[in-house]
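[1] sequence unknown, structure follows:
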(Lines give C-alpha, C1' and ligand atoms only; values in the text may rest on other atoms or scores of the structure.)
Protein backbone atom coordinates (compact mmCIF):
# COMPACT_ATOMS: atom_id res chain seq x y z
CA UNK A 1 0.00 0.00 0.00
CA UNK A 2 1.38 3.41 -0.98
CA UNK A 3 1.71 5.97 1.78
CA UNK A 4 1.26 9.71 1.47
CA UNK A 5 4.77 11.00 2.23
CA UNK A 6 3.80 14.64 1.69
CA UNK A 7 0.94 14.48 4.21
CA UNK A 8 3.03 12.66 6.84
CA UNK A 9 5.75 15.28 6.36
CA UNK A 10 3.29 18.17 6.68
CA UNK A 11 1.84 16.64 9.86
CA UNK A 12 5.26 16.02 11.43
CA UNK A 13 5.46 18.03 14.68
CA UNK A 14 8.96 17.28 15.95
CA UNK A 15 12.00 19.44 15.22
CA UNK A 16 13.04 19.28 11.56
CA UNK A 17 14.16 21.28 8.56
CA UNK A 18 13.11 21.20 4.90
CA UNK A 19 15.60 21.56 2.05
CA UNK A 20 14.40 22.33 -1.46
CA UNK A 21 16.91 20.92 -3.91
CA UNK A 22 18.09 22.56 -7.13
CA UNK A 23 15.78 20.25 -9.10
CA UNK A 24 12.73 21.18 -7.03
CA UNK A 25 12.48 18.20 -4.68
CA UNK A 26 12.12 18.24 -0.90
CA UNK A 27 14.70 16.61 1.37
CA UNK A 28 13.66 16.03 4.97
CA UNK A 29 16.16 16.80 7.72
CA UNK A 30 15.25 15.59 11.20
CA UNK A 31 16.84 17.65 14.00
CA UNK A 32 17.92 17.02 17.58
CA UNK A 33 18.92 20.39 19.02
CA UNK A 34 20.95 21.00 22.21
CA UNK A 35 19.77 23.40 24.93
CA UNK A 36 22.43 25.94 23.95
CA UNK A 37 23.39 26.95 20.42
CA UNK A 38 26.32 24.88 19.14
CA UNK A 39 29.01 25.80 16.62
CA UNK A 40 29.42 22.10 15.79
CA UNK A 41 26.82 20.04 13.89
CA UNK A 42 26.63 16.32 13.26
CA UNK A 43 24.85 15.07 10.12
CA UNK A 44 23.62 11.47 10.35
CA UNK A 45 23.51 9.50 7.08
CA UNK A 46 21.31 6.44 7.45
CA UNK A 47 21.75 2.83 6.38
CA UNK A 48 19.98 0.91 3.63
CA UNK A 49 16.21 0.34 4.15
CA UNK A 50 16.21 2.96 6.94
CA UNK A 51 15.70 6.72 7.32
CA UNK A 52 16.52 9.28 10.02
CA UNK A 53 13.76 8.26 12.46
CA UNK A 54 15.42 5.13 13.91
CA UNK A 55 18.48 7.20 14.91
CA UNK A 56 16.70 8.90 17.82
CA UNK A 57 18.98 7.20 20.34
CA UNK A 58 22.13 8.57 18.69
CA UNK A 59 20.57 11.97 17.97
CA UNK A 60 19.39 12.42 21.55
CA UNK A 61 22.65 11.30 23.16
CA UNK A 62 24.80 13.59 20.99
CA UNK A 63 22.47 16.60 21.34
CA UNK A 64 22.43 16.07 25.12
CA UNK A 65 26.23 16.31 24.93
CA UNK A 66 25.81 19.77 23.37
CA UNK A 67 26.02 19.09 19.63
CA UNK A 68 23.44 20.11 17.02
CA UNK A 69 22.40 16.88 15.30
CA UNK A 70 20.61 16.45 11.98
CA UNK A 71 19.47 13.29 10.20
CA UNK A 72 19.01 13.33 6.43
CA UNK A 73 16.39 11.18 4.73
CA UNK A 74 17.96 10.35 1.40
CA UNK A 75 15.85 11.03 -1.67
CA UNK A 76 13.38 8.18 -2.00
CA UNK A 77 13.58 7.40 1.73
CA UNK A 78 11.67 8.39 4.84
CA UNK A 79 9.93 11.75 4.49
CA UNK A 80 11.97 13.02 1.53
CA UNK A 81 10.58 13.27 -1.99
CA UNK A 82 11.54 10.82 -4.68
CA UNK A 83 10.65 7.38 -6.00
CA UNK A 84 10.94 4.92 -3.13
CA UNK A 85 14.21 3.00 -3.21
CA UNK A 86 15.59 4.87 -6.21
CA UNK A 87 18.19 7.49 -7.12
CA UNK A 88 18.17 8.92 -10.65
CA UNK A 89 21.99 9.24 -10.84
CA UNK A 90 25.16 9.46 -8.79
CA UNK A 91 25.50 13.08 -9.89
CA UNK A 92 22.13 13.86 -8.29
CA UNK A 93 23.16 12.09 -5.09
CA UNK A 94 26.33 14.20 -4.95
CA UNK A 95 24.29 17.38 -5.47
CA UNK A 96 21.80 16.39 -2.75
CA UNK A 97 24.63 15.76 -0.31
CA UNK A 98 26.28 19.06 -1.22
CA UNK A 99 23.09 21.06 -0.84
CA UNK A 100 22.43 19.44 2.54
CA UNK A 101 25.98 20.14 3.72
CA UNK A 102 25.70 23.77 2.59
CA UNK A 103 22.42 24.12 4.48
CA UNK A 104 23.87 22.78 7.73
CA UNK A 105 27.10 24.77 7.35
CA UNK A 106 25.08 27.97 6.94
CA UNK A 107 23.99 27.45 10.57
CA UNK A 108 27.10 25.93 12.16
CA UNK A 109 30.82 26.53 11.83
CA UNK A 110 31.94 22.89 12.02
CA UNK A 111 30.38 19.76 10.52
CA UNK A 112 30.94 16.10 11.32
CA UNK A 113 29.37 13.41 9.15
CA UNK A 114 28.13 10.29 10.93
CA UNK A 115 27.56 7.50 8.43
CA UNK A 116 26.01 4.21 9.52
CA UNK A 117 26.28 1.10 7.31
CA UNK A 118 25.32 2.32 3.81
CA UNK A 119 25.68 5.81 5.23
CA UNK A 120 29.43 5.20 5.45
CA UNK A 121 29.48 5.05 1.67
CA UNK A 122 27.44 8.26 1.31
CA UNK A 123 29.70 9.94 3.89
CA UNK A 124 32.76 9.00 1.84
CA UNK A 125 31.10 10.18 -1.39
CA UNK A 126 30.41 13.49 0.35
CA UNK A 127 34.02 13.63 1.60
CA UNK A 128 35.37 13.04 -1.89
CA UNK A 129 33.39 16.02 -3.21
CA UNK A 130 33.04 18.47 -0.28
CA UNK A 131 35.99 17.75 2.00
CA UNK A 132 36.66 21.45 2.55
CA UNK A 133 33.27 21.68 4.35
CA UNK A 134 33.76 18.59 6.56
CA UNK A 135 35.68 18.68 9.82
CA UNK A 136 35.39 15.07 10.94
CA UNK A 137 33.90 11.64 10.21
CA UNK A 138 32.24 8.98 12.35
CA UNK A 139 31.90 5.71 10.42
CA UNK A 140 29.80 2.97 12.02
CA UNK A 141 29.09 -0.64 11.09
CA UNK A 142 31.08 -0.93 7.87
CA UNK A 143 33.65 -3.22 6.26
CA UNK A 144 34.45 -4.56 2.80
CA UNK A 145 33.53 -8.19 3.45
CA UNK A 146 30.35 -9.63 4.98
CA UNK A 147 30.14 -12.60 7.28
CA UNK A 148 29.57 -15.78 5.22
CA UNK A 149 25.96 -16.70 4.43
CA UNK A 150 24.38 -13.37 5.43
CA UNK A 151 22.67 -12.82 2.09
CA UNK A 152 21.05 -15.61 0.05
CA UNK A 153 22.56 -16.14 -3.39
CA UNK A 154 20.42 -14.88 -6.25
CA UNK A 155 19.45 -17.36 -8.95
CA UNK A 156 20.37 -16.67 -12.57
CA UNK A 157 16.72 -16.42 -13.68
CA UNK A 158 16.11 -13.85 -10.93
CA UNK A 159 19.13 -11.79 -12.04
CA UNK A 160 17.89 -11.89 -15.63
CA UNK A 161 14.42 -10.74 -14.59
CA UNK A 162 15.88 -7.81 -12.61
CA UNK A 163 18.09 -6.78 -15.52
CA UNK A 164 15.24 -6.96 -18.05
CA UNK A 165 12.83 -5.01 -15.80
CA UNK A 166 15.49 -2.37 -15.16
CA UNK A 167 16.13 -1.84 -18.86
CA UNK A 168 12.41 -1.36 -19.51
CA UNK A 169 11.85 0.90 -16.46
CA UNK A 170 15.02 1.97 -14.56
CA UNK A 171 12.97 3.67 -11.82
CA UNK A 172 11.12 0.47 -10.86
CA UNK A 173 12.20 -1.10 -7.57
CA UNK A 174 12.84 -4.72 -8.47
CA UNK A 175 15.50 -5.85 -5.98
CA UNK A 176 14.22 -7.07 -2.62
CA UNK A 177 16.57 -6.42 0.28
CA UNK A 178 16.35 -9.39 2.62
CA UNK A 179 18.39 -10.81 5.47
CA UNK A 180 17.71 -12.37 8.85
CA UNK A 181 17.16 -10.00 11.75
CA UNK A 182 16.09 -6.96 9.70
CA UNK A 183 14.55 -4.06 11.57
CA UNK A 184 11.62 -1.86 10.54
CA UNK A 185 9.35 -4.57 9.16
CA UNK A 186 6.36 -2.88 10.80
CA UNK A 187 7.41 0.66 9.85
CA UNK A 188 5.93 1.88 6.52
CA UNK A 189 8.75 4.42 6.11
CA UNK A 190 11.36 1.69 5.73
CA UNK A 191 12.29 0.55 2.20
CA UNK A 192 12.76 -3.12 1.39
CA UNK A 193 12.85 -2.87 -2.41
CA UNK A 194 15.37 -0.98 -4.55
CA UNK A 195 16.07 -0.17 -8.14
CA UNK A 196 19.06 -1.66 -9.89
CA UNK A 197 20.51 1.77 -10.56
CA UNK A 198 20.33 2.66 -6.85
CA UNK A 199 22.29 -0.47 -5.98
CA UNK A 200 24.86 0.35 -8.65
CA UNK A 201 25.22 3.98 -7.50
CA UNK A 202 25.66 2.94 -3.86
CA UNK A 203 27.81 -0.12 -4.34
CA UNK A 204 29.90 -1.14 -1.35
CA UNK A 205 32.61 -2.46 -3.68
CA UNK A 206 33.20 1.13 -4.82
CA UNK A 207 34.14 2.40 -1.36
CA UNK A 208 37.16 4.68 -1.73
CA UNK A 209 38.91 7.06 0.63
CA UNK A 210 39.95 10.48 -0.67
CA UNK A 211 43.77 10.55 -0.58
CA UNK A 212 43.81 13.85 1.32
CA UNK A 213 41.45 12.64 4.05
CA UNK A 214 43.50 13.97 6.96
CA UNK A 215 40.70 14.91 9.37
CA UNK A 216 39.70 13.27 12.69
CA UNK A 217 37.99 9.95 11.95
CA UNK A 218 36.32 7.48 14.29
CA UNK A 219 35.44 4.02 13.00
CA UNK A 220 33.31 1.73 15.14
CA UNK A 221 31.68 -1.67 14.87
CA UNK A 222 29.26 -3.44 17.18
CA UNK A 223 30.66 -6.19 19.36
CA UNK A 224 27.83 -8.44 18.09
CA UNK A 225 27.45 -7.02 14.56
CA UNK A 226 25.73 -9.74 12.55
CA UNK A 227 26.95 -8.44 9.15
CA UNK A 228 30.61 -7.62 9.79
CA UNK A 229 33.21 -9.23 12.01
CA UNK A 230 35.47 -7.08 14.17
CA UNK A 231 38.41 -8.34 12.05
CA UNK A 232 36.87 -7.20 8.74
CA UNK A 233 35.98 -3.82 10.25
CA UNK A 234 39.54 -3.45 11.55
CA UNK A 235 40.89 -4.21 8.06
CA UNK A 236 38.64 -1.46 6.69
CA UNK A 237 39.90 0.92 9.36
CA UNK A 238 43.52 0.16 8.40
CA UNK A 239 42.79 1.53 4.90
CA UNK A 240 41.78 4.98 6.18
CA UNK A 241 44.55 7.41 5.17
CA UNK A 242 44.06 9.90 8.02
CA UNK A 243 46.79 10.21 10.66
CA UNK A 244 44.13 11.15 13.21
CA UNK A 245 41.95 8.05 13.41
CA UNK A 246 40.61 5.74 16.08
CA UNK A 247 38.97 2.30 16.03
CA UNK A 248 36.42 1.27 18.67
CA UNK A 249 34.24 -1.75 19.41
CA UNK A 250 30.75 -0.80 20.63
CA UNK A 251 29.98 -3.04 23.62
CA UNK A 252 26.87 -5.18 23.22
CA UNK A 253 25.87 -3.48 19.94
CA UNK A 254 24.60 -5.27 16.86
CA UNK A 255 24.62 -3.88 13.31
CA UNK A 256 21.79 -1.44 13.93
CA UNK A 257 20.95 -1.96 17.59
CA UNK A 258 22.85 0.13 20.15
CA UNK A 259 22.07 -0.68 23.80
CA UNK A 260 22.47 1.87 26.58
CA UNK A 261 26.12 2.78 27.09
CA UNK A 262 27.34 1.40 23.75
CA UNK A 263 27.72 4.90 22.27
CA UNK A 264 29.56 6.50 25.18
CA UNK A 265 32.99 6.22 23.56
CA UNK A 266 31.64 8.12 20.52
CA UNK A 267 30.59 10.98 22.79
CA UNK A 268 33.99 10.92 24.51
CA UNK A 269 35.79 11.09 21.15
CA UNK A 270 33.65 14.03 20.05
CA UNK A 271 34.30 15.97 23.23
CA UNK A 272 38.05 15.35 22.89
CA UNK A 273 38.22 16.40 19.22
CA UNK A 274 35.39 18.95 18.95
CA UNK A 275 34.87 20.89 22.13
CA UNK A 276 31.61 22.82 22.36
CA UNK A 277 32.13 26.58 22.24
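    That came through fine. Just so it is clear, the model here is predicted, and its values are computed rather than measured.
[2] roughly how far is whichever strand or helix holds residue 198 from the heart of the chain?
    Using DSSP states H and E, residue 198 falls within helix 196-201. Relative to its parent chain, helix 196-201 has a centroid offset of 16 Å by Cα atoms, centre = their mean, to the nearest Å.
[3] which secondary structure elements does the helix-or-strand element of the chain with minimal mean pLDDT contact?
    Least confident helix or strand of the chain, by mean pLDDT, DSSP states H and E, is helix 156-168 with a mean of 82. Judged by 3 or more Cβ pairs under 8 Å, 6 or more residues apart in numbering; DSSP states H and E, the packing partners of helix 156-168 are helix 196-201. Backbone N, C-alpha and C define where each C-beta goes, glycine included.
[4] could you show me where the strands are in the stretch 151-277 of the chain, in order?
    Remark: strands assigned in the stretch 151-277 of the chain by DSSP state E, counting those that start in this stretch are 175-176, 193-194, 217-222, 245-250.
[5] and among those, the most buried is which?
    Among the strands of the stretch 151-277 of the chain, ranked by average contacts under mean count of other Cβ atoms under 10 Å, first place goes to strand 217-222 (a mean of 25).
[6] Not counting sequence-adjacent ones, nearest residue to residue 261?
    Take residue 261 and drop its neighbours on the chain: the residue closest to it by Cβ to Cβ, 6 or more residues apart in numbering is residue 251, 6.8 Å away.
[7] any residues touching whichever helix in the chain runs longest, and which ones?
    When the chain is parsed with DSSP state H, its longest helix is helix 90-105. Here helix 90-105 makes contact (Cβ atoms under 8 Å, 6 or more residues apart in numbering) with 17, 19, 21-23, 27, 29, 41, 43, 70, 72, 74-75, 87, 111, 122, 125-126, 129-130, 133-134, 201-202.
[8] Who does whichever helix or strand comes after that helix pair with, and is each partner parallel or antiparallel?
    The helix or strand immediately downstream of helix 90-105 is strand 110-116, counting by DSSP H and E. The strands that strand 110-116 pairs with in its sheet are strand 40-45 (parallel), strand 136-140 (parallel) (by DSSP bridges).
[9] Next, the angle from the shortest one to strand 217-222.
    Between the axes of strand 136-140 and strand 217-222, defined by axes from the mean of the first three to the mean of the last three Cα atoms, to 10 degrees, the angle is 10 degrees.
[10] where do the helices sit along the stretch 1-150 of the chain?
    5-11, 56-64, 90-105, 118-130 (DSSP state H, counting those that start in this stretch).
[11] Show me what the second one is packed against.
    On a contact count with 3+ Cβ pairs under 8 Å, 6+ apart, helix 56-64 meets strand 26-32, strand 40-45, strand 68-72, helix 264-273.
[12] ok, and which of those has the densest surroundings?
    Of the helices and strands packed on helix 56-64, strand 68-72 is the most buried (mean count of other Cβ under 10 Å), at a mean of 27.
[13] just how off-centre is that strand within its chain?
    11 Å.
[14] what does stretch 20-36 give?
    15 Å.
[15] Between the two ends of it, how far is it?
    Using Cα to Cα, to the nearest Å, one end of stretch 20-36 lies 27 Å from the other.
[16] Now that stretch: average pLDDT?
    Mean per-residue pLDDT for stretch 20-36: 97.
[17] which other residues reach that stretch?
    Contacts for stretch 20-36 (Cβ under 8 Å, 6+ apart): 9, 14-19, 52-53, 55-56, 59-60, 62-73, 75, 78-82, 92, 95-96, 99-100, 103-104, 276.
[18] Narrow those to just the buried residues.
    9, 16, 19, 52-53, 55, 59, 62-63, 65-73, 75, 78-82, 92, 96, 100, 103-104 (16 or more other Cβ atoms under 10 Å).
[19] Out of the helices of the stretch 1-150 of the chain, the one nearest residue 168 is which?
    Residue 168 sits nearest to helix 90-105 of all the helices of the stretch 1-150 of the chain, at 21.2 Å, using Cβ to Cβ.
[20] tell me the mean pLDDT over the closest one?
    98.
[21] swap in stretch 270-277?
    On average, stretch 270-277 scores 90.
[22] Can you give me the first-to-last residue distance of it?
    End-to-end for stretch 270-277, by Cα to Cα: 13 Å.
[23] And that stretch, how far out from the chain middle?
    Taking mean C-alpha positions (Cα atoms, centre = their mean), stretch 270-277 and its chain are 22 Å apart.
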